[in-house]
Structure formats: structure tokens, C-alpha cells
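Engineer: here's my sequence, what's the structure:
(one chain, ligands or ions: 1)
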Amino acid sequence: MNYRHIFHAGNFADVAKHVGLVCLLERLAAKGKPFAYVDTHAGAGLYDLRRSEVRRSGEAEEGIRRLATSPVPEGVIGRYLQLVRSFQPHADALDVYPGSPLIAQRMMREADRALLCELQPGQARLLRQQIGTDRRFGIHHRDGYEGLGALLPPQPRRGMVLIDPPYEQEHELQRLIPALEQATRRWPTGIFVVWYPIKHRRDLRGFYRQLAGAGIGPVLLAELGVRPGDNEARLNGSGLAIIRPPWQIEQTLTTAWSELARRLGDAGGAWSDVRWLSRSAPAVEVETRKVRRRSKPAAATARMRTPR
Ligand SMILES: C[S@@+](CC[C@H](N)C(=O)[O-])C[C@H]1O[C@@H](n2cnc3c(N)ncnc32)[C@H](O)[C@@H]1O
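Structural biologist: Predicted coordinates:
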């Protein structure tokens, strides 16, 4: 496992993912009932943007730094920026970037609960330090896909899962899709969110086919490209596949995603696309099996691999 998120922290894909996360957590917190937040690939929690890895990659410059230096937008992007600012040790600087677990921690209420998995020992250690003694959290140094099998359904029974793998393994989809099928059955009321990279858009066909054929319920795709999605050599965009999305969230995401494309995109080449992949209820078991046999996970994943 070579992946280190510090190189990518605060890049455009992190920004879009975390704006989506804020949007979903706001919906969950809008009701008085408590919710559970599950993060299968949690990372270190907080990233120091002053570190040499961040400067070397330059990715945060084209993500959070670019967004934070433009006039503060209204709506969910503005609230996300406010949240990022609330982590800064110095008011006028952007020194650190909060990852998904810390964003969730800030947005959770007393009765809400979180379960985090992180496989890399160093990252898991940092994550524990960042979360501190917060009794609402369970932190597991373990494989996130195994965690899904062991930890779902959580208590309370309403909430969401974020699945945010590094896609450095060729067989990532071979693990992701079956784990998703099993997890959505174990937690039939949970919202599931899968992050995925976009290099050449045509290479996503296999991923879409497998998701749509998995019989896991309605799937909304929210995709953002900062450049045309026609180059296999680099990360041009990213997407969130939202399984069982909250009612009418596509309207909020459509507005936010086109705003992000305008603010983060390279001149002329940026795009955003929020659309339904499938609106259907889960298919019956026999249909799920048929579709699974026809799909080609390894080939699809090979083209989705890093750089993120
Ligand atoms: C993209 S980063 C996570 C970022 C985080 N979700 C966020 O938004 O701030 C992916 C993380 O998954 C971890 N990881 C890789 N394979 C894993 C696995 N099988 N189970 C759990 N964690 C894994 C990596 O060490 C890395 O920290």
C-alpha cells in the first residue's frame, strides 16, 4: 500500500467530495433523530498544507486554495468554506485541511455516532490523535471492506457510509462492488456514497454497468471535471455515486457542482454533470447474480487507477 493522501489533500477532488459530504450530513442533521456516519477509508483526519509533499504536488493550489481566494459563495459551498476556515490556527491563513472524519466530527450532534476504518498504521495513529477522546467515535485499524461486513448496520439505524478508496489496486472494483452489494443488504436504509476518479470518461462504462446492475437501489452520480475528461494519463475529474440519495438532493448538488466547475476548472475545459444512473429499487437476488457474471471488474478498475 503506497498511497499517501497528504499529496492530494485539498485538491479539487477532495473539495468536491467534502462539499458533497457537508450536503449529506446537513440533510441527516436536519431531523431531530440521531444518525450514524461510517467512513471505510478514513485517512489521517487533518492534513498540514505547509508540508513539502503538499507544495511538491501543487494539488491544493488548484483546489481549496483557489476556492478560498475567490469571493465566498452562498449555499453549501460557502458553509463548507466556513467549516474549513474554522480549523485554521491563524485566521487569515490556510494552513491545514480537514478530511472527512473531522468534517463529520464538527457536524455531528451529541447523540450521533461515527465508525471509522483506516488500514495504514501511521494514518490510523494520526487519526486517533485528531479525533481525541470523543466517545461518539469508534476508530478501527482495519480493512474498510471487512469493516463494512463487521460493523453494519450501525446504531442508530439512519445515516450514511462514505467509501473513499485510493484506487491503487487493479482489483479495487472486484472488492468494492461485492462489498457494496452485501453492505446495502445489511443496512437497507443507509445512504452509501462511493468516490471515484475520472481520467477518460469513456473508461467509466464498466463501473457504471456494474453499479447499475448490482441491484442496490437508486444511484445518483455527481461528477465534476476541471479539464476535459479525455486523457488517461491524469486525474481530470471525480465523481460521487450516491446510493439511495436523500430526496431532491440532486437540485442542491447540480447548483453546487456547476459553481465548483466555474471556480475550479481550467478555462474552457471544466464541466459538471449530476444525473441518475438508476432510479430503480433493488433488483431481486437472481437478477443481481446474472449481471455480476457478465461484468469485467479488473479491466474497468485498471483504467480508473491513480493518480487521483
Ligand atoms: C483517499 S484517502 C481517504 C481520505 C478521506 N476519506 C478524506 O476524505 O479525508 C484513502 C485512505 O484509505 C486508506 N486505505 C487504503 N486501503 C484501505 C483499506 N483496504 N481499508 C481501509 N483503509 C484503506 C489509505 O491509507 C488512505 O488513508
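Engineer: stretch 233-241 and the ligand, any residue contact?
Structural biologist: No - contact between stretch 233-241 and the ligand is absent, the nearest approach being 10.6 Å (criterion: Cβ under 6 Å from any ligand atom). The way it works is simple: take the backbone N, C-alpha and C, and place the C-beta from them, glycine included.
Engineer: tell me the mean pLDDT for that stretch?
Structural biologist: Throughout stretch 233-241, pLDDT has a mean value of 95.
Engineer: over to stretch 245-254?
Structural biologist: Mean predicted lDDT for stretch 245-254 stands at 96.
Engineer: what lies in contact with it?
Structural biologist: Applying Cβ atoms under 8 Å, 6 or more residues apart in numbering, the contact partners of stretch 245-254 are 20, 23-24, 27-28, 75-76, 191, 218, 220, 222, 242, 272, 274, 276.
Engineer: tell me the residues of this structure that contact the ligand?
Structural biologist: Within the chain, the positions adjacent to the ligand are 1, 3, 5, 17, 39, 41-43, 99-100, 117-120, 123, 143-144, 164, 166 by Cβ under 6 Å from any ligand atom.
Engineer: among the residues you listed, name the ones in strands.
Structural biologist: 39, 117 (DSSP state E).
Engineer: now the buried members of the residues of the chain next to the ligand.
Structural biologist: Buried members of the residues of the chain next to the ligand, counted by 16 or more other Cβ atoms under 10 Å: 3, 5, 17, 39, 41-43, 99-100, 117-120, 123, 143-144, 164, 166.
Engineer: can you give me the pLDDT of residue 78?
Structural biologist: 97.
Engineer: roughly how far apart are the closest residue to it other than its chain neighbours and residue 96?
Structural biologist: Nearest residue to residue 78, sequence neighbours excluded (Cβ to Cβ, 6 or more residues apart in numbering): residue 72, at 5.2 Å. Plainly put, residue 72 is 19 Å away from residue 96 if you go by Cβ to Cβ, to the nearest Å.
Engineer: one more: residue 4?
Structural biologist: Going from residue 4 to residue 96 by Cβ to Cβ gives 16 Å.
Engineer: which of the contacts of stretch 245-254 lies closest to the ligand?
Structural biologist: residue 20 (10.4 Å; Cβ to the nearest ligand atom).
Engineer: what strand or helix carries the closest residue to that closest one other than its chain neighbours?
Structural biologist: Computed as Cβ to Cβ, 6+ apart, the closest residue to residue 20 that is not its neighbour in sequence is residue 240, at 4.9 Å. Per DSSP states H and E: residue 240 is located in strand 237-243.
Engineer: picking that back up, of residue 72 and residue 96, which one has the most company?
Structural biologist: residue 96 (19 against 12; other Cβ atoms under 10 Å).
Engineer: tell me who's in contact with the more buried one.
Structural biologist: 46-49, 87-89.
Engineer: most neighbours among the residues you listed, which one is it?
Structural biologist: Neighbour max across these (other Cβ under 10 Å) = residue 47, 24 neighbours.
Engineer: so that residue lies in a strand, does it not?
Structural biologist: Yes - counting by DSSP: H, G, I helix; E, B strand; the rest coil, residue 47 is part of a strand.
Engineer: so in terms of bridging, what pairs with it?
Structural biologist: Going by DSSP bridges, residue 47 is paired in beta bridges with residue 97.
Engineer: how close does the residue in the stretch 51-200 of the chain positioned nearest to the ligand get to residue 88?
Structural biologist: Going by Cβ to the nearest ligand atom, the ligand is nearest to residue 99 of the stretch 51-200 of the chain, at 2.5 Å. Using Cβ to Cβ, one gets 15 Å for the distance from residue 99 to residue 88.
Engineer: now residue 187. Nearest residue, chain neighbours left out?
Structural biologist: residue 153 (4.1 Å).
Engineer: returning to that earlier point: after the strand holding residue 240 comes which helix or strand?
Structural biologist: Sequence-wise, the next helix or strand downstream of strand 237-243 (DSSP H and E) is helix 249-264.
Engineer: chain center to that following helix: distance?
Structural biologist: Offset of helix 249-264 from its chain centre (Cα atoms, centre = their mean, to the nearest Å): 16 Å.
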